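S.K.: Dropping a prediction and its sequence here:
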Number of protein chains: 2
Amino acid sequence: MAIDKKENIKIIPLGGLEDIGMNITVIEYEDSIIIVDCGLAFPDDDMLGIDLVVPDITYLQENRSKIKGFVITHGHEDHIGALPYVLKEINAPIYATRLTMGIIEGKLKEHPLKPVKKKVIKYGQSINLGAFRIEFIRVNHSIGDASALAIHTPAGVIVHTGDFKIDYTPVFGDVMDLAKFADLGRKGVLAMMCDSTNALRPGFTMSEKTVGKTFDNIFTEHASHRLIIATFASNVDRVQQIINSAHKFGRKVVLEGRSMVNIITVADELGYLQIPENTLIKTEEMKNYTDEQLVLITTGSQGESMAALSRMAASIHKKVKIKPSDVVVFSSSPIPGNEKAVSKVMNELALQGANIIFQDTHVSGHACQEEIKLLYSLVKPKYSIPVHGEFRHLKAQADLVANMGWDKENIIVMKSGNVLSIGQEGAEIIGQVQAGAVLVDGLGIGDVGNIVLRDRQNLAENGIIVVVLTLEKKSNQVMAGPDIVSRGFVYVRESEDLIEEARKIVEAAVEECMKKKVVDWGKIKLVIRETLSDYLWKKMRRSPMILPIIMEVE
Amino acid sequence: MAIDKKENIKIIPLGGLEDIGMNITVIEYEDSIIIVDCGLAFPDDDMLGIDLVVPDITYLQENRSKIKGFVITHGHEDHIGALPYVLKEINAPIYATRLTMGIIEGKLKEHPLKPVKKKVIKYGQSINLGAFRIEFIRVNHSIGDASALAIHTPAGVIVHTGDFKIDYTPVFGDVMDLAKFADLGRKGVLAMMCDSTNALRPGFTMSEKTVGKTFDNIFTEHASHRLIIATFASNVDRVQQIINSAHKFGRKVVLEGRSMVNIITVADELGYLQIPENTLIKTEEMKNYTDEQLVLITTGSQGESMAALSRMAASIHKKVKIKPSDVVVFSSSPIPGNEKAVSKVMNELALQGANIIFQDTHVSGHACQEEIKLLYSLVKPKYSIPVHGEFRHLKAQADLVANMGWDKENIIVMKSGNVLSIGQEGAEIIGQVQAGAVLVDGLGIGDVGNIVLRDRQNLAENGIIVVVLTLEKKSNQVMAGPDIVSRGFVYVRESEDLIEEARKIVEAAVEECMKKKVVDWGKIKLVIRETLSDYLWKKMRRSPMILPIIMEVE
């Protein structure tokens, strides 16, 4: 057993191991720390009113002086989205490939931040950060310029795959650099941290190019209709393929949705897209063309309520009105949790007569079981550390690797905050640092927590009843009230009798307190709360939040 | 055109055509009304705090004297669940098959209701209700004793399929009575109201029996582990197949979950289940058996937070503790909207080491495209009225039927509340009656509506700030306050400065009102609301609900 041996390094994931999202991992050796990715998560259903979730970086704040930089694998929100929040506290250089950096720069512009050093890295290039040398390695994914990392440490090489799939016929660029992984494997790899998202799925993920063929078919079959295609803004290759089909079939392309325009503009400027001249037109120019000359590429494939497609579906989009002859293609799968929202948008579009297509128009960006097995065969890491997924995804990768013959002791399923000490002589979880979700609500970061959320949940389900009462300071006699005001409880107009009855019951309880000379306001509030709560439960089987407020006059 | 001709009947769906759930349809001729099904819906995500949703029955209340009875196709909640609520207002006889009636009786027992007449009908049997003769016809579905209805009216025959699939190898009972449908078709059918749930899916729905084979495989492969199988309580045939496998492999069966025990008890008493002697044991008796001698059949396959399986997963089930050697089978598909909840339960089970199986362990209870086409070929209705589904499902059936050669004018996609006048000479929507969703919260039926829900949404996302102020009646001077109390807004302890600053700003605004001799409380409240709202938006980008309360003392 190697309990924090001198030559060991530490691997500390600060997020990303319980849910999809919020990927951030600390690699530490003596006074060197690098941070792999810095992602956000989208709030769970029970995080009411929360805009987004970022990782708890207490550990980074406590070890600020060691931090050499952020190394970023690719430009998806769950890998870069927390940067604007974390950079406020930790101003360290960012290293990423070109498109990834372009997307990061676009994102940082929207936040007031001190300048931060940024360095674009090419595939195959290495950088030295403190005790580490980090190589960026080409992988395929649903966004361009995605990298795996080979992190050369004093304890050995750590391979971090980032998010990946193997695409033998990529739309842009080359196939994942399998030779490099084989080379690393030959020389010896201590551990591989490998994407688990699709570890429950047998087989291989299809090539992005298969979707291009489907687009060609759709363009052929629906040649006389206007086409509206919704997809992820960050899937530049998908957009490229729609543009290819548009060009082939003589259609003009309109981009709709802020993130679509932003990311495609960046990708175009950086040369990650080939847009034939005179293909792209502005939304305003649509009127100069007939339906069969147009294809719209839009955000909103996840049913996001404010996205362009959702606004079209709800007939509140200012510039695009759905026609009964439109063909709307969902080039996406609903992310778990978004199914009902997507379904709602589809129904609204169908109600306006649009023809909806959602089959065979999407492939995943993550490796399935055969790809994961291939990568393990090439890299042959001593230790397997499944990452990026919910627990059952990590477990599925662990089972897969165990079936390939890895010793179960060398397969390490970690939790966020675990401190793994790892080296040639062993690997062990030696501790736990503070880690978890920090909730962002408006400009507030972390000022909403469990108590506030519990109150919001209670308010959401039952509403609130405020009971106000004014007492005279000297005599402790009731000067005004009790008055009752409710919100989110019942239709007040139709329930006047109920509210009045409740008021009388509270009034009687307060009088009883006065008779008994109760002077402790806490006790009076408790009596109000219990009396009203009992009454409402018996009468209605409901438990609104009850908020007694006592005021005092001289 | 036949605008409400004398011989025409009216078809008025009061629900079930916009979302899955809340199926209820009025068939009317002169002074006769029958009601086909009386289902509830489960609340949408934005119906905060709502327990369930029942149909608006204003139309039934206004036509109470005409109502001859409820004819119920089968015992699922979306077809019977509103009965306890509707019967309070409309005491009319219920007609249903035996198992359906058994489930209805179990349900009605839980509600204080006046006695209601109930009549069990057999397949092939007819009943006369006012101007109508109704035949119950055997169909297959994911619950036993499901019926289609042939409603003989003065205007012609209406076939209502209820929910159906065609199962050539049913677990219990016979194949759907295709000959009867053919017979009706030969004699002439005016209209068919047909299940659209799977109208987007090509092909045929697999037989329930295929799941039995999967169970046998699972029992063989995991012979040395305890098996826990989650499924729908109402899927009696599914439970029968688990019992069959248990018997074959020498395991005892434990039922877990209130609805599972209730429905299986009813089904067993009525002879819809064959349980070999000494197979069923109580949860308490589990300790007398080894893991390989046990299979638990449980509720919770949809991740419902209070269901037995969810309690086991969260380690709060009193009698069953998950072991690392357990094999948990999800014999179900997540209903849209439940995906994340199911995923959460799976992760919790996996974290405790359980092995999770969810593939090939479920088949749908609804007809796919080929089955729908077969039924139309047999019944050959003059008019097609797709029912049971979201709009795009209804539309998919309409497209399917149009492709089979039906005249588009004879395919009628209705909305809830539409009044369809239909007869041999034509069909036309001639009006609209009140229809929609009535929300049930606790014992309150309909006392929560849009305004209350909007308040709950606002409270949920932003919390509430109450500002209280006591004024003297005569002088209109401030006697106490303004005080500020918040809930669901921020951590109060860590935001004391913010709250105090907000209080001072409100205080200044109120003083300004006093100076200006504003006596209108409405205006003072408006000033408080606007001042505080501006401040919080600028400072925090948040918009809590602001509730100013003014009290008055003599």
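M.R.: Received the coordinates, thanks. Computed from a prediction, not measured in an experiment: that's the story for all the values here.

S.K.: what residues does the stretch 201-350 of chain A put near chain B?
M.R.: By the rule CB under 8 Å from any CB of the partner chain, the part of the stretch 201-350 of chain A lying against chain B is A:P336, A:G337, A:E339, A:K340, A:S343, A:M346, A:N347, A:A350. (Each C-beta comes from the backbone N, C-alpha and C, glycine too.)

S.K.: Turn the residues you listed into JSON lines, columns for secondary structure.
M.R.: Compiled in JSON lines, these are given as follows (DSSP: H, G, I helix; E, B strand; the rest coil):
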{"residue": "A:P336", "secondary structure": "coil"}
{"residue": "A:G337", "secondary structure": "coil"}
{"residue": "A:E339", "secondary structure": "helix"}
{"residue": "A:K340", "secondary structure": "helix"}
{"residue": "A:S343", "secondary structure": "helix"}
{"residue": "A:M346", "secondary structure": "helix"}
{"residue": "A:N347", "secondary structure": "helix"}
{"residue": "A:A350", "secondary structure": "helix"}
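
S.K.: CSV for the residues you listed, including pLDDT and distance to A:D268?
M.R.: Below are these laid out as CSV (pLDDT from 0 to 100; distance: CB to CB, whole Å):
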residue, pLDDT, distance to A:D268
A:P336, 84, 32
A:G337, 85, 32
A:E339, 90, 32
A:K340, 89, 34
A:S343, 93, 33
A:M346, 95, 30
A:N347, 94, 34
A:A350, 94, 33
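
S.K.: After the helix or strand where A:L14 lies, heading C-terminal, what element do we hit next?
M.R.: In the assignment (DSSP states H and E), A:L14 maps to strand A:9-15. Next helix or strand after strand A:9-15 toward the C-terminus (DSSP H and E): strand A:24-29.

S.K.: Work out the gap between that following strand and the centre of the chain.
M.R.: 21 Å (CA atoms, centre = their mean, to the nearest Å).

S.K.: Given the next helix or strand after it, what are its sheet partners and their directions?
M.R.: Proceeding N to C from strand A:24-29, the next assigned helix or strand is strand A:32-36, under DSSP H and E. Strand pairing for strand A:32-36, using DSSP bridges, gives strand A:24-29 (antiparallel), strand A:67-71 (parallel).

S.K.: Output the below-cut-off pLDDT ranges for chain A.
M.R.: For chain A, the stretches with pLDDT under 70 are A:1-6.

S.K.: Now do the domain split for it, please.
M.R.: A:9-203+A:365-437, A:209-357, A:450-553 (automatic domain parsing).

S.K.: re earlier: as a markdown table, the strands paired with strand A:32-36 with distance to B:G173 would be great.
M.R.: Shown next, in a markdown table, are these (distance: least, CB to CB, whole Å):
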| stretch | distance to B:G173 |
| --- | --- |
| strand A:24-29 | 57 |
| strand A:67-71 | 64 |
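
S.K.: looking at the ones you listed, which is closest to A:K382?
M.R.: strand A:24-29 (16.3 Å; CB to CB).

S.K.: Buried members of the residues of the stretch 201-350 of chain A next to chain B into PyMOL, please.
M.R.: This is the PyMOL syntax for the buried subset of these, where burial follows 16 or more other CB atoms under 10 Å in any protein chain shown:
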select buried, chain A and resi 337+339+340+343+346+347+350
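
S.K.: any chance of the residues of the stretch 201-350 of chain A next to chain B in JSON lines, with distance to B:S32 too?
M.R.: JSON lines is the format used below for those (distance: CB to CB, whole Å):
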{"residue": "A:P336", "distance to B:S32": "48"}
{"residue": "A:G337", "distance to B:S32": "47"}
{"residue": "A:E339", "distance to B:S32": "42"}
{"residue": "A:K340", "distance to B:S32": "39"}
{"residue": "A:S343", "distance to B:S32": "37"}
{"residue": "A:M346", "distance to B:S32": "38"}
{"residue": "A:N347", "distance to B:S32": "34"}
{"residue": "A:A350", "distance to B:S32": "35"}
